[in-house]
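**Student:** Dropping a prediction and its sequence here:
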Amino acid sequence: MINFPYPNILIIDENDKFRKALSQLFRQRGVKHSMSLGNAEEAAEVAGKNTFDLIICDYWLPGMDGLEFFRLTQDLQPDAKKILITSYNDDDIRQKAGETGILNLISKPLTKEKIGKLAEMLGISRISAEEAHIMTVQRADKIVRNHTAGASGLGLIPIPLLDMAALAGVQLNMLRELAKVFGIPFCKDKVKHLIASLSGGGIPILSAAGMVSFVKVIPIIGQTVGALIVPFMTGAATYAVGKTFTRHFASGGTLLNFDPTQMRGHYARMLREGENLV
């Protein structure tokens, strides 16, 4: 199975058999969707907590139709490709769908031929394993850079050591998203332990960051020093953690076979690289 451009899929249809059939047709083409739900209200709640690459939604749903769902979640899922499934061949629906940013309308009944066309439209049948791997790594790099930027902003937190606690949260969330991209089971406690063990190779910079953070207790001078130095240290450390786990995951590794001792050399190199980027 390969990762195609839309690895995280949400399917919304009140017909349970239809959802299972659609999921099965995708699996036959090497794609495993993320989630399927029977009503738009629950789907909207899920969309507010997760990021999806592709959303396939039936038009006719109890309580809220598919167009209303897409309008409601437009800001929550700005980058998701959207497919509306409908039994109606209505020009008004088609026009409204275009205004909502829906990629295409698929009419029921959804046959294998239509699924095949949908697969071609989404690029499932055209993408090679090598291309899929490159796209996955690119997604991972974007996650690392976004969290590096977030970690760099922690120096603005005025309370001593609170920035260090926030750093742990940023790195934990980064690893959660990376695991999701590579399709790897995530365990919070396991990740905490691995990050702590891995960063043993970069203790000087993290210890220094903690010391500088504590200096914030000194009025004016301490906070100024912290705001200038902590972002540099926390950003570099986060970049190194992210790039190290990305390399491990991209080579087929999981959290279960990650060896912090063996990866510390790479972590140290990425730490130096991160220092030049932040």
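**Tutor:** Good, I have the coordinates.

**Student:** Return the helix or strand in the chain with minimum mean pLDDT.
**Tutor:** Among the helices and strands of the chain, helix 203-214 carries the lowest confidence by mean pLDDT, DSSP states H and E, at a mean of 44.

**Student:** Was I right to think residue 85 contacts residue 55?
**Tutor:** No. Contact criterion CB atoms under 8 Å: residue 85 and residue 55 do not qualify, at 11.0 Å. Every residue, glycine included, has its C-beta placed from N, CA and C.

**Student:** Could you spell out which stretches of the protein belong to which domain?
**Tutor:** 9-122, 129-277 (automatic domain parsing).

**Student:** can you list those in CSV and add mean neighbour count?
**Tutor:** Shown next, in CSV, are those (neighbours: other CB atoms under 10 Å):
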stretch, mean neighbour count
domain 9-122, 17
domain 129-277, 18
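
**Student:** what's near enough to touch residue 243?
**Tutor:** Taking CB atoms under 8 Å, 6 or more residues apart in numbering as the criterion, residue 243 is in contact with 144, 266, 270, 273, 274.

**Student:** Checking my notes, residue 74 in a strand, right?
**Tutor:** No. Looking at residue 74 with DSSP: H, G, I helix; E, B strand; the rest coil, it is coil, so not inside a strand.

**Student:** which stretches of this protein form strands?
**Tutor:** With strands called from DSSP state E, the chain shows them at 9-12, 35-37, 54-58, 81-86, 104-107.

**Student:** now what about the fourth one, what contacts it?
**Tutor:** Counting by CB under 8 Å, 6+ apart, the neighbours of strand 81-86 from elsewhere in the structure are 6, 13, 53-60, 66-67, 70, 93, 97, 100-108, 110, 118, 122.

**Student:** what's the distance between the residue nearest to residue 254 when sequence neighbours are not counted and residue 253?
**Tutor:** Of all residues not flanking residue 254 in the chain, residue 184 sits nearest, at 5.2 Å (CB to CB, 6 or more residues apart in numbering). As judged by CB to CB, to the nearest Å, residue 184 and residue 253 stand 8 Å apart.

**Student:** Then residue 14?
**Tutor:** 40 Å.

**Student:** what's the distance between residue 62 and residue 86?
**Tutor:** On the measure of CB to CB, residue 62 and residue 86 end up 15 Å apart.

**Student:** Equivalent analysis for residue 80, please.
**Tutor:** Counting by CB to CB, the gap from residue 80 to residue 86 is 18 Å.

**Student:** for residue 10, same thing?
**Tutor:** 17 Å.

**Student:** Also residue 135?
**Tutor:** Shown here: residue 135 relative to residue 86, a distance of 30 Å by CB to CB.

**Student:** With residue 75 instead?
**Tutor:** For residue 75, the distance to residue 86 - CB to CB - is 23 Å.

**Student:** if we can go back for a sec, I'd like the strands of the chain laid out as TSV, including mean pLDDT and distance to residue 21.
**Tutor:** TSV is the format used below for the strands of the chain (pLDDT from 0 to 100; distance: least, CB to CB, whole Å):
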stretch	mean pLDDT	distance to residue 21
strand 9-12	88	10
strand 35-37	87	11
strand 54-58	88	12
strand 81-86	85	12
strand 104-107	76	14
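
**Student:** Quick one, which of these gets closest to residue 192.
**Tutor:** Among the strands of the chain, the nearest to residue 192 by CB to CB is strand 35-37 (26.2 Å).

**Student:** Can you pull out the residues in contact with that closest one?
**Tutor:** For strand 35-37, contacts defined as CB under 8 Å, 6+ apart pick out 9, 10, 11, 12, 13, 19, 20, 22, 23, 43, 46, 50.

**Student:** repeat that with 6 Å
**Tutor:** The contact list for strand 35-37, computed with CB atoms under 6 Å, 6 or more residues apart in numbering, reads 10, 11, 12, 19, 43.

**Student:** Pull up the pairing partners for it, direction included.
**Tutor:** strand 9-12 (parallel) (DSSP bridges).

**Student:** pull the CA atoms of the strand it pairs with into CSV?
**Tutor:** Provided in CSV are the C-alpha atoms of strand 9-12 (Å, rounded to 0.1, in the frame of the first residue of the first chain):
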residue,chain,number,x,y,z
ILE,A,9,-10.1,10.9,4.2
LEU,A,10,-13.5,11.7,5.8
ILE,A,11,-16.6,10.0,4.4
ILE,A,12,-20.0,11.3,5.4
